[in-house]
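1. Predicted structure and sequence below. I'll ask about it afterward.
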Amino acid sequence: MTVLDQARAARAAARTLATASRAAKDAALLGMADALFAAQPDVLAANAEDVQRAEQAGTASAMIDRLRLTPDRVEGMAEGLRQLADLPDPVGDVVRGWTNANGVQVRQVRVPFGVVGIIYEARPNVTADAAGICLKSGNAALLRGSSSALHSNRAIVAALAEGVASAGLPRDAVQLVEGGHEVTADLMAARGLVDVLIPRGGAGLIKAVVVGATVPVIETGTGNCHLFVDASADQEMALNILLNAKTQRVSVCNACETLLVHEEIAAAFLPRAMAALDAAGVTVHGTPEVCAADDRVVPAEPDEFDAEYLSLDLACRVVASLDEALEHIAEHTSGHSETIVTSDLASAQRFTAEVDAAAVLVNASSRFVDGGEFGFGAEIGISTQKLHARGPMGLLEMTSTKYVVTGSGQVRS
C-alpha cells in the first residue's frame, strides 16, 4: 500500500471510531494493552536488533537510551493504555451551550480530528502512547517512526492492531507508515486525507514538517529548559530539584539544560551544586563566574545557552537579579518548561506571570511536565505553540469542536 492508500483506509476507520461508544474504545485499549504485554518477547527481540544497529553506527548514547526498550518500559507502555481506558471519553462533551431568545439551541461539542499523522524519531514508546490517545479520542493514527526504530515499531504496531481488531474496531485505526523520505513527503502533502500532523523529535525534524507540510501541523518543540535558583531559595531543595531535573533521565525534552543562580546565593550554592553535579557525572559549562567557583567547570561557548544537550552536560550562569534571569530565559527559551526555586511569593508570581513557556514550575522538577505525570495516561508530545494545544497533549488536545444548532422551525429575519 502507498501512504495515500493507508490514509484512505485510516479515513474509513476514522468514520467508525468517530461514533464508537466509550465501551468499545476502552475494550480496544485494554485489548491493545494485553496484546502488547503478550508480545513483549517479540517486541524486545525486535528492539534489540534496532539497538544493535544503532550501536554499530556509532549513535550517541542519549539517542540509544531513547531507542532502547526494557521489560519495564514495555509494561509501562501497556499500563499507559490501561490508564487511558480509565479516563473519561472527551468525544461528545459539551464545551458550552445556550439558548437564544428565538428558542434556537446552540451547543459546542467535542469531536475527533479524524486522521492524525505522527512523525517522530527513535522513541518506540511513542508508538503505543500515540496510538492509544488517538483511539480513545476517536482518531485513526498514521505512525511514521524513524528507520532506526523500524523493527521495534513493526512489532508494537502489529500487537496494537491485533488488540484493536479483538474489540471489533477497524484494524486500520492504527497503521505504521514505512518507506523512505518520499513517504514522509507524501504524508505531509496528504491534505484532505490527513487532518493534522504532529512532529515529535529534534529541531531539524520539527522544522522540516512545519515548513514543508500542507497538512495542518501542531508544533512540538525542543526543550532548552532553565532552572533559576533565586536568592531566597532553600538550597537543599534547589539541589534536589536540580539533580532530578538534570540526571533522572538526560535524553528527554523536559530535562534541565541551563542553571541560573542569583548572585546573592552563588558563593554558597555553586560549590555544593558543582560537587553534586560532578558526582553525578555532569559536565558543567559555565561563564567566568561559574568557572571561578570550581575548577571542574569548563568555559561555556556563547551558543551553548541555546543548546538542548540531551546528555550529562549543563550550561550555568550567575545572574544579578530576577530581572536578569527573566531576560536570559526570554532570549534563550525554547518555550517548553521553565523552573524557579524560591521562598519569595512575589518572585514566584512574577516568574509565572512573565515567563512565556508551555509550563512554568515553582519549587518542582521540570521532569513533571509529562502527560503521564499530569494524569493524562500518556501524551502525544509537548506542544510549544500557542494555537489550540499547549504543553503535554492528551485526549482533550486530540479533539476539535463543532457547533450543533437545534431549532423548531425558526428562520432568520
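-> Okay, I see it.
2. Now do the contacts for Asp93.
-> Asp93 makes contacts with 109-110, as judged by C-beta atoms under 8 Å, 6 or more residues apart in numbering. (Glycine included, C-beta is placed from N, CA and C.)
3. From Arg249, how far out is it?
-> 34 Å (C-beta to C-beta, to the nearest Å).
4. Same question for Leu310.
-> In this view, Leu310 and Arg249 are 10 Å apart by C-beta to C-beta.
5. Neighbour count for those two, which is higher?
-> Neighbours per residue (other C-beta atoms under 10 Å) separate Leu310 from Arg249, with Leu310 holding more: 21 against 13.
6. Next up, the contacts around the more buried one.
-> For Leu310, counting by C-beta under 8 Å, 6+ apart, the contacting residues are 60, 62-63, 250-252, 255.
7. That one - that's part of a helix, no?
-> No: assigned with DSSP: H, G, I helix; E, B strand; the rest coil, Leu310 falls outside any helix and is coil.
8. Please shift the residue numbers so they start at 740 in all later answers.
-> In the new numbering, first residue 740, that becomes Leu1049.
9. List phi and psi for it.
-> Taking degrees, to the nearest 10, you get phi 60, psi 40 for the backbone angles of Leu1049.
10. Contacts for the helix or strand of the chain with the lowest mean pLDDT, please.
-> The weakest-scoring helix or strand in the chain, judged by mean pLDDT, DSSP states H and E, is helix 800-806 (a mean of 86). Helix 800-806 is contacted from outside by 786, 789-790, 793-794, 798, 860-863, 887-888, 891, 988-991, 1049-1050, using C-beta under 8 Å, 6+ apart.
11. Would you mind checking these for buried ones?
-> With neighbours counted using 16 or more other C-beta atoms under 10 Å, the contacts of helix 800-806 contain these buried positions: 786, 789-790, 793, 798, 860-863, 887-888, 891, 989-991, 1049-1050.
12. still on that earlier bit, show me which positions of the least confident helix or strand of the chain end up buried.
-> Buried-residue list, helix 800-806, by 16+ other C-beta under 10 Å: 801-806.
13. Just after it, pick out the following helix or strand.
-> Of the helices and strands lying after helix 800-806 in sequence (DSSP states H and E), the nearest is helix 810-825.
14. nearest spatial neighbour of Ala1087, skipping sequence neighbours?
-> Val1101 (4.7 Å; C-beta to C-beta, 6 or more residues apart in numbering).
15. Could you check how far the one you found is from Glu1093?
-> According to C-beta to C-beta, Val1101 and Glu1093 sit 13 Å apart.
16. quick check: domain ranges of this structure?
-> 742-959+1132-1145, 964-1107 (automatic domain parsing).
17. Need those domains in TSV (columns: distance to Ile1119).
-> Formatted as TSV, those follow (distance: least, C-beta to C-beta, whole Å):
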stretch	distance to Ile1119
domain 742-959+1132-1145	4
domain 964-1107	13
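18. Give the rounded mean pLDDT of stretch 1074-1093.
-> The pLDDT scores in stretch 1074-1093 average 97.
19. Quick check: buried residues in it?
-> Residues 1074-1081, 1086-1087, 1089-1090 are the ones in stretch 1074-1093 that count as buried (16+ other C-beta under 10 Å).
20. before we move on, what about stretch 1018-1029?
-> Using 16+ other C-beta under 10 Å as the test for burial, stretch 1018-1029 gives 1021, 1023-1026, 1028-1029.
21. For it, give the mean pLDDT please.
-> For stretch 1018-1029, the per-residue pLDDT averages 96.
22. Then stretch 884-904?
-> What stretch 884-904 shows for mean pLDDT is 97.
23. For the nearest residue to Val1094 once chain neighbours are set aside, give the beta-bridge partners.
-> Once flanking residues are discounted, Val1094 sits nearest to Glu1077: 4.8 Å by C-beta to C-beta, 6+ apart. When bridges are called by DSSP bridges, Glu1077 pairs up with His965, Val1099.
24. Report the separation between Glu1077 and Lys1125.
-> Applying C-beta to C-beta to Glu1077 and Lys1125 gives a distance of 15 Å.
25. go on, Ala1096?
-> Taking C-beta to C-beta, one finds Ala1096 at 11 Å from Lys1125.
26. contacting residues around the closest residue to Val948 other than its chain neighbours?
-> In space, and not counting its chain neighbours, Val948 is closest to Pro938: 3.8 Å by C-beta to C-beta, 6+ apart. Taking C-beta under 8 Å, 6+ apart, we find Pro938 in contact with 857-859, 944-945, 947-949, 956, 958-959.
27. Between those, which sits nearest Pro1131?
-> Nearest to Pro1131 among the contacts of Pro938: Thr959, at 10.1 Å, using C-beta to C-beta.
28. That closest one: neighbouring residues, count only.
-> Thr959 has 28 nearby residues by other C-beta under 10 Å.
29. Once you drop chain neighbours, what's closest to it?
-> Gly1120 (4.0 Å).
30. Next up, phi/psi of Phe967, please.
-> Torsion angles, degrees, to the nearest 10, at Phe967: phi -100, psi 120.
31. quick one, what contacts it?
-> 999-1001, 1058, 1061, 1064, 1068, 1077-1080, 1090.
32. can you do 7 Å?
-> Counting by C-beta atoms under 7 Å, 6 or more residues apart in numbering, Phe967 makes contact with 999, 1064, 1078-1079.
33. Then Leu820?
-> Going by C-beta under 7 Å, 6+ apart, Leu820 touches 768, 771-772, 867, 871.
34. between these, which is closest to Met1132?
-> For the contacts of Leu820, the nearest to Met1132 is Gly871 (12.7 Å; C-beta to C-beta).
35. So what does the closest one have for phi and psi?
-> phi -70, psi -50.
36. Could you verify my assumption that it touches Gly770?
-> No: using C-beta atoms under 7 Å, Gly871 is not in contact with Gly770, being 11.2 Å away.
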